[in-house]
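Peer 1: structure of the sequence below:
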Amino acid sequence: MASRPNSYVAVPDVFLSFLSFFLLIIILPHALASTNNGLSEILKDEAVARLIDLGKVSDTEEYLERTFQSPASVRAGNLIRLWMEDAGLLTWVDQMGNVHGRHEGLNPSEKALLIGSHLDTVIDAGKFDGALGIISAVSALKVLKNRGMLGKLRRPVEVIAFSDEEGVRFQSTFLGSAAIAGVLPVSTLHVHDKSGVTVQGALRKNSIEITEQNLTQLKYDPDSVFGYIEVHIEQGPVLETVGLPLGLVKGIAGQTRLRVTVKGSQGHAGTVPMKMRQDPMAAAAEMIVFMESLCKQPQDYLSYDSQCTTSAVQSLAGSLVCTVGEISTWPSASNVIPGQVTFTVDVRAMDDLGREAIIYEMSNRMYHICDKRSVLCVIERKHDANGVACDPELSSKLKSAAYTALKRLSDENPDEVPVLMSGAGHDAMAMSHLTKVAMLFVRCRGGVSHSPAEHVSDDDVWASGMAVLSFLETLL
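Peer 2: Next up is the predicted model:
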């Protein structure tokens, strides 16, 4: 019987070399491109479309405005909730109006990773502030759901769309995240807006009943939380300057908001002699000009002691910013000397002691100006938040995820992910009272924010979603 021929045939080395070259140069890039194309449908195309849709949900037709528990805010929350459910998440709205979406993963008893940002806006806002962080997280989880991997996460993951971060309506920021973190004073429920509606009343109008007792019950147990991450537009020009879409945040500046009320003598604009006037508008103008000088050159005004050190003043020189963003008069008529002027002051700095020194000096000088002009001055502190340092370990993981994301989106090894400080306040500030936090910034055009000109490119939206996805993949 004839022997069966051997089925093994030697393959020349030159053929193997050609095959390897073909796989690496021809097939693999196409395979990676195909994978990225699949991801881009959700992380880019759909995410951008959702940002546009959410940007249309406004309380006015002329510009974008969504404040705490306004009709548009509620509609936005409902839309976000639908998107969360589309990503396979269990959803609910809590008693502070925060929208939650959660998946328990493999181990519901494990500590949960929280990812969040805010759904409210300033007046005449851009559509990326807050919304980008929510949508990038939901989109990344949807990718895992479509891959059948959502249930394989080693710990629960929860996305939270916070009801209020900007503080526009009640002049009290972080209503949503501060409640979750357990640092929102119960007295906040009785703070009222310009129409006399309280926080509690605004919630009640939307069929949400909250009392001082169940406000405290909104606080998460710190032992149930692994950490909190937040993706947010940079709101500054650094990333655009260095030509990179993502940057890691190492810390957030502390912030104080003041409301200054100046009361004078109301009178006829044509009959009261200049030397006899007690004009609160002129006093307010002098106070504002002084504030600008103080914040431009703090070293010229501060005295040094054990608390206000040279290093603290040097820190202020690089990070201190002060803003009067709102001013109003009564009775606000062109032919009337005002009887009262009210304005806000926003003070931000990395160094908390330095910020306190600025507020102390500013307040003393403002009272002195009022005394000199024979007007009454009242300065109220409406909001305080200390500076926050992001957690090194969690930040390192988020930075690695950002680098991985950029590498997946590029044919070349990307540059090192830059590290930045944040001069803007974020929900991560409040959440730092509950758990460790980390933040990722996304490039925005011209560094412009809180404006209709605010813009993030489609590719950078994709990069932010890819970064969250890369982070979540470390939990598989």
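Peer 1: quick one, helices of the stretch 1-150 of the chain?
Peer 2: Taking DSSP state H, counting those that start in this stretch as the test, the helices found in the stretch 1-150 of the chain are 13-22, 28-40, 47-55, 71-86, 131-146.
Peer 1: check contacts around residue 253.
Peer 2: 319, 348, 349, 350, 387, 421, 422, 423, 424, 425 (CB atoms under 8 Å, 6 or more residues apart in numbering). (C-beta placed from N, C-alpha, C; glycine too.)
Peer 1: looking at those residues, which are in strands?
Peer 2: 348, 349, 421, 422 (DSSP state E).
Peer 1: does the first one touch residue 320 like I think?
Peer 2: In this case it means residue 348. Yes: under the criterion of CB atoms under 8 Å, residue 348 makes contact with residue 320 at 7.3 Å.
Peer 1: what touches both of those two?
Peer 2: What both residue 348 and residue 320 touch, as defined by CB under 8 Å, 6+ apart, is the set residue 355.
Peer 1: as CSV, could you dump the C-alpha coordinates of stretch 160-177?
Peer 2: The C-alpha trace of stretch 160-177 is given here as CSV (Å, rounded to 0.1, in the frame of the first residue of the first chain):
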residue,chain,number,x,y,z
ILE,A,160,-24.9,61.4,37.9
ALA,A,161,-26.3,64.5,36.1
PHE,A,162,-26.2,67.0,38.9
SER,A,163,-29.2,69.4,39.0
ASP,A,164,-27.3,72.5,39.8
GLU,A,165,-23.6,73.5,39.7
GLU,A,166,-23.7,77.0,38.4
GLY,A,167,-25.7,78.5,41.2
VAL,A,168,-27.5,81.0,38.9
ARG,A,169,-31.0,80.8,40.3
PHE,A,170,-30.3,80.7,44.0
GLN,A,171,-26.7,82.1,44.1
SER,A,172,-25.6,78.9,45.9
THR,A,173,-23.5,76.6,43.8
PHE,A,174,-23.2,72.8,43.9
LEU,A,175,-26.8,72.2,45.1
GLY,A,176,-26.8,68.7,43.5
SER,A,177,-23.4,67.4,44.2
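Peer 1: for the chain, which residue is closest to the average position?
Peer 2: By CA atoms, centre = their mean, the chain has its centre lying nearest to residue 426, at 3.8 Å.
Peer 1: gap between the two ends of stretch 213-227?
Peer 2: 26 Å (CA to CA, to the nearest Å).
Peer 1: in that stretch, what's buried?
Peer 2: Residues 215, 218, 219, 220, 225, 226, 227 are the ones in stretch 213-227 that count as buried (16 or more other CB atoms under 10 Å).
Peer 1: who's in contact with the second one?
Peer 2: By CB under 8 Å, 6+ apart, residue 218 lies in contact with 94, 95, 96, 179, 180, 182.
Peer 1: report the buried members of these.
Peer 2: 94, 96, 179, 180, 182.
Peer 1: surely the first one is in contact with residue 100?
Peer 2: Yes: at 6.6 Å, residue 94 counts as touching residue 100 under the criterion of CB under 8 Å.
Peer 1: so residue 129 touches residue 452, yeah?
Peer 2: No: Residue 129 is not in contact with residue 452 according to CB under 8 Å; the separation is 11.3 Å.
Peer 1: which of those two has more neighbours?
Peer 2: residue 129 (26 against 13; other CB atoms under 10 Å).
Peer 1: mind checking how far the more buried one is from residue 397?
Peer 2: Using CB to CB, to the nearest Å, residue 129 is found at 25 Å from residue 397.
Peer 1: do residue 441 as well
Peer 2: Counting by CB to CB - residue 441 and residue 397 are separated by 16 Å.
Peer 1: tell me which of these two has more neighbours.
Peer 2: For residue 441 and residue 397, the more surrounded residue by other CB under 10 Å is residue 441, and the numbers stand at 29 against 18.
Peer 1: report the secondary structure state of the more buried one.
Peer 2: strand (DSSP: H, G, I helix; E, B strand; the rest coil).
Peer 1: show the pLDDT at it.
Peer 2: If you check residue 441, the pLDDT there is 98.
Peer 1: just checking, it touches residue 421?
Peer 2: No: judged on CB under 8 Å, residue 441 makes no contact with residue 421 at a distance of 10.1 Å.
Peer 1: find residues that contact each of those two.
Peer 2: residue 249.
Peer 1: quick one, longest helix in this structure?
Peer 2: helix 352-372 (DSSP state H).
Peer 1: worst-scoring helix or strand of the protein, pLDDT-wise?
Peer 2: In the chain, no helix or strand scores lower on mean pLDDT, DSSP states H and E than helix 13-22, which sits at a mean of 54.
Peer 1: coming back round to it: tell me the strands beside the helix or strand that the longest helix of the chain is followed by, with direction?
Peer 2: Tracing the chain C-terminally past helix 352-372 and defining elements by DSSP states H and E, one meets strand 376-385 next. Applying DSSP bridges, strand 376-385 is found paired with strand 254-263 (antiparallel).
Peer 1: tell me the strands beside the helix or strand immediately after the partner strand in the chain, with direction?
Peer 2: The helix or strand immediately downstream of strand 254-263 is strand 267-268, counting by DSSP H and E. Sheet pairing of strand 267-268 (DSSP bridges) gives strand 336-337 (antiparallel).
Peer 1: what's near enough to touch residue 282?
Peer 2: Residue 282 sits in contact with residue 373, where contact means CB under 8 Å, 6+ apart.
Peer 1: heads up, I number from 37, so please use that
Peer 2: From this message on, residue numbering opens at 37, which makes the last subject residue 318.
Peer 1: which residue ranges of the stretch 187-336 of the chain form strands?
Peer 2: Listed in chain order, the strands of the stretch 187-336 of the chain (DSSP state E, counting those that start in this stretch) span 193-198, 261-269, 282-288, 290-299, 303-304.
Peer 1: circling back to that earlier point, which of the ones in strands among the contacts of residue 289 sits closest to residue 336?
Peer 2: residue 385 (16.2 Å; CB to CB).
Peer 1: for that closest one, give the beta-bridge partners.
Peer 2: residue 290.
Peer 1: from residue 353, how far off is it?
Peer 2: 10 Å.
Peer 1: ok, the two, which is more surrounded?
Peer 2: residue 385 (29 against 13).
Peer 1: point out where this structure drops to low pLDDT.
Peer 2: 37-73, 340-348 (pLDDT under 70).
Peer 1: circling back to that earlier point, would you format the contacts of residue 289 as CSV with distance to residue 245 included?
Peer 2: Conversion of the contacts of residue 289 to CSV gives the following (distance: CB to CB, whole Å):
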residue, distance to residue 245
355, 42
384, 35
385, 39
386, 40
423, 36
457, 40
458, 35
459, 38
460, 33
461, 29
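Peer 1: report how many residues lie close to the spatially closest residue to residue 299 that is not a sequence neighbour.
Peer 2: Using CB to CB, 6 or more residues apart in numbering and skipping the chain neighbours, the partner closest in space to residue 299 is residue 412 (4.3 Å). Residue neighbour count, defined by other CB under 10 Å, stands at 14 for residue 412.
Peer 1: give the contact list for residue 412.
Peer 2: 298, 299, 300, 406.
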